[in-house]
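1. Model the structure of this input:
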Amino acid sequence: MPKMGDLALRRADGADIEAIVALQHAAYARNRALLGVEPLPLLADYAAILRDYEVWVVGDDVAGVLILEPRSHDLLIWSIAADPQRQQTGLGHAMLAAAEARARALGLDTMRLYTGAPLQHLIDWYGRNGYAVEHTEELSDRVITHMVKHLGARASTVD
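-> Modelled structure (predicted):
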């Protein structure tokens, strides 16, 4: 997934961990206050994330991070984050499109993601991008909204 339109993505590696963590903290700062708890992406071990998931970054300056978990029946967007100074520039839409292109390349026709239930602005944004609320899940310290998008006919596996 090196290029989607004007969006150049590259697979992250160990040298990117510091920049990824910094971007995640900057991008999710607003959500912390709205959730009343630490956002789940800020509790992660990013060495494990790099090992276990597909981590894509936008630009050498890491203006965006897209973390994907390919699963047998769907592609989970584990995290999608843009530098706050690049938010509302179309970067989020471009990363969503890149995730959908990756799902198709993997032969998957279902996308899933989750977000905090109090983050209605994100639920609405994902809704405008074709995602529907699938269910909510109550955890010990938060409520999560699970969302799904069906892409259509299953593509053949590319890689």
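
2. Just the CA trace of the host helix or strand of Glu137, in CSV.
-> Take DSSP states H and E as the rule and Glu137 turns out to sit in strand 132-138. These are the backbone C-alpha positions of strand 132-138, laid out as CSV (Å, rounded to 0.1, in the frame of the first residue of the first chain):
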residue,chain,number,x,y,z
ALA,A,132,-22.7,1.7,10.9
VAL,A,133,-22.9,1.1,14.6
GLU,A,134,-22.8,-2.7,15.1
HIS,A,135,-23.0,-2.8,18.9
THR,A,136,-21.8,-1.2,22.1
GLU,A,137,-19.6,-3.0,24.7
GLU,A,138,-19.3,-2.1,28.3
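
3. what helices or strands is that strand leaning on?
-> strand 143-150 (3 or more Cβ pairs under 8 Å, 6 or more residues apart in numbering; DSSP states H and E). Every residue, glycine included, has its C-beta placed from N, CA and C.

4. buried stuff in the strand it packs on?
-> 145-149 (16 or more other Cβ atoms under 10 Å).

5. Stretch 56-68 now?
-> Buried-residue list, stretch 56-68, by 16+ other Cβ under 10 Å: 56-58, 62-68.

6. Show only the entries of those found in strands.
-> Counting by DSSP state E, the buried residues of stretch 56-68 place 56-58, 64-68 in strands.

7. would you turn those residues into a markdown table with pLDDT and distance to Thr115?
-> As requested, these are arranged in a markdown table below (pLDDT from 0 to 100; distance: Cβ to Cβ, whole Å):
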| residue | pLDDT | distance to Thr115 |
| --- | --- | --- |
| Trp56 | 96 | 19 |
| Val57 | 95 | 21 |
| Val58 | 92 | 20 |
| Gly64 | 94 | 17 |
| Val65 | 96 | 16 |
| Leu66 | 97 | 15 |
| Ile67 | 97 | 14 |
| Leu68 | 97 | 16 |
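
8. Quick one: work out the angle between the top helix by length along the chain and strand 143-150.
-> Of all the segments of type helix in the chain, defined by DSSP state H, the longest one is helix 17-35. Counting by axes from the mean of the first three to the mean of the last three Cα atoms, to 10 degrees, helix 17-35 lies at 110 degrees to strand 143-150.
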